[in-house]
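Student: quick one: sequence and predicted model below, then my questions.
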Amino acid sequence: MEFRRRAELSLQPLSKPPKESPHAAESVLALLECGPACACRHGSGAGGCLARTTQRGVRVRLAVAPVPGKGWGVRALEPLPRGAFVCDYTGEYLNTSDARARLAAYDAAGAGHALLVARVVLPSATSALRLNIDATRRGNVARFVNHSCDGGNLEAVLVMAKGELLPRVALFAARDIAPGEELTFSYCGRSKAAAPAGGGAAGAADRARGAGAAAGGRQHAFTPCACGTPACYGFLPSEFV
Ligand SMILES: C[S@@+](CC[C@H](N)C(=O)[O-])C[C@H]1O[C@@H](n2cnc3c(N)ncnc32)[C@H](O)[C@@H]1O
């Protein structure tokens, strides 16, 4: 597993929030993994490549359960050590015009959604790859993870595997998490209120600390936030397409 500042990730609402928004997204490090273009073998057994952390599916016990004021949410059913891989953020990869159309439809329906937008600044720094991953209709457990203004206990990390056409987004434990805790992350990137960890300890989230994220939560009007943290801004990140 290798981390480089090769690409910057900025996961944020579909269009940039106003500069003065407390929910401004920040750039992140990326995780590079082996992939289809590597000669190494997949698998965690003897001889298996270890640089494929996010490619083995969800290995931790999670529960989707109602959370007061937020609809459904995700809780840990076992201790998750800092740096543990929790899950990929899976969903439909959309082009931007389709993503905008869907957002308009979600808005019209007045419903929440789970459309995550990530902008990957390319090494030239003159252009960016934009990922629109919509987990609203098809996705995995990640689509039930709620927002927390203090950054939550998960970190969203951009994952690039050799030979894979598109990057992915994965969620890692940003700190030690106790059984029963609700899993959350910031929908708009690392919260200014969240204390970034140093880079010392081993673990993906450690080194990729600072990952931003913007899943779902696109609300046309300000939607009250029920994260309940001291850092709460009172509303979910908003987007202005
Ligand atoms: C990606 S989904 C998360 C799962 C969602 N709670 C559900 O029941 O399907 C995003 C939606 O969850 C709700 N949500 C997420 N975080 C919240 C929070 N901190 N406070 C209130 N609602 C939240 C919003 O309706 C948002 O549009």
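Tutor: All right, it came through fine. Numbering: from 1, shown residues only.

Student: only C-alpha atoms for contact and neighbour calcs from this point on.
Tutor: OK.

Student: isn't Val60 up against Glu78?
Tutor: Yes: between Val60 and Glu78 there is a contact at 7.3 Å, judged by Cα atoms under 8 Å.

Student: who touches both of the two?
Tutor: Common neighbours of Val60 and Glu78, counting by Cα atoms under 8 Å, 6 or more residues apart in numbering, are absent.

Student: dump the residue contacts of the nearest residue to Asn140 once chain neighbours are set aside.
Tutor: Distances taken as Cα to Cα, 6 or more residues apart in numbering place Thr90 nearest to Asn140, at 5.9 Å, with adjacent residues excluded. Contacts for Thr90 (Cα under 8 Å, 6+ apart) come out as 133-135, 138-140, 142-143, 168-169.

Student: same check, this time on Asn132
Tutor: Residues near Asn132 by Cα under 8 Å, 6+ apart: 92-96, 99, 115-118.

Student: one more time with 10 Å, if that's ok
Tutor: Asn132 sits next to 11, 14, 91-100, 115-119, 215 when contact means Cα atoms under 10 Å, 6 or more residues apart in numbering.

Student: ok, what's across the strand from it?
Tutor: Taking DSSP bridges as the rule, Asn132 bridges to Leu94, Val117.

Student: if I look at it, how far off is the ligand?
Tutor: Distance from Asn132 to the ligand, counting by Cα to the nearest ligand atom, to the nearest Å: 13 Å.

Student: in space, what's closest to His178 - neighbours in sequence excluded?
Tutor: Actually, residue 178 is Ala rather than His. Closest to Ala178 by Cα to Cα, 6+ apart is Pro79, at 4.7 Å.

Student: same question, Ala37
Tutor: Gly163 (4.4 Å).

Student: who are the contact partners of Leu80?
Tutor: So Leu80 contacts 60-61, 86, 172-179, 181 (Cα under 10 Å, 6+ apart).

Student: quick check: bridge partners of it?
Tutor: Under the criterion used here (DSSP bridges), Leu80 is bridged to Ile177.

Student: how far away is it from Ala65?
Tutor: From Leu80 across to Ala65, the span is 18 Å (Cα to Cα, to the nearest Å).

Student: then Cys87?
Tutor: Here the distance between Cys87 and Ala65 works out to 17 Å (Cα to Cα).

Student: neighbour count for these two, which is higher?
Tutor: Neighbours of Cys87 and Ala65, each counted by other Cα atoms under 10 Å, are more numerous for Cys87; the result is 23 against 13.

Student: ranges for the strands of this protein?
Tutor: Under the criterion DSSP state E, the chain contains strands at 2-11, 27-33, 62-67, 71-76, 85-88, 92-94, 115-121, 128-134, 146-147, 154-161, 168-173, 182-185.

Student: weakest of those by average pLDDT?
Tutor: Set side by side, the strands of the chain give their lowest mean pLDDT on strand 2-11, at a mean of 40.
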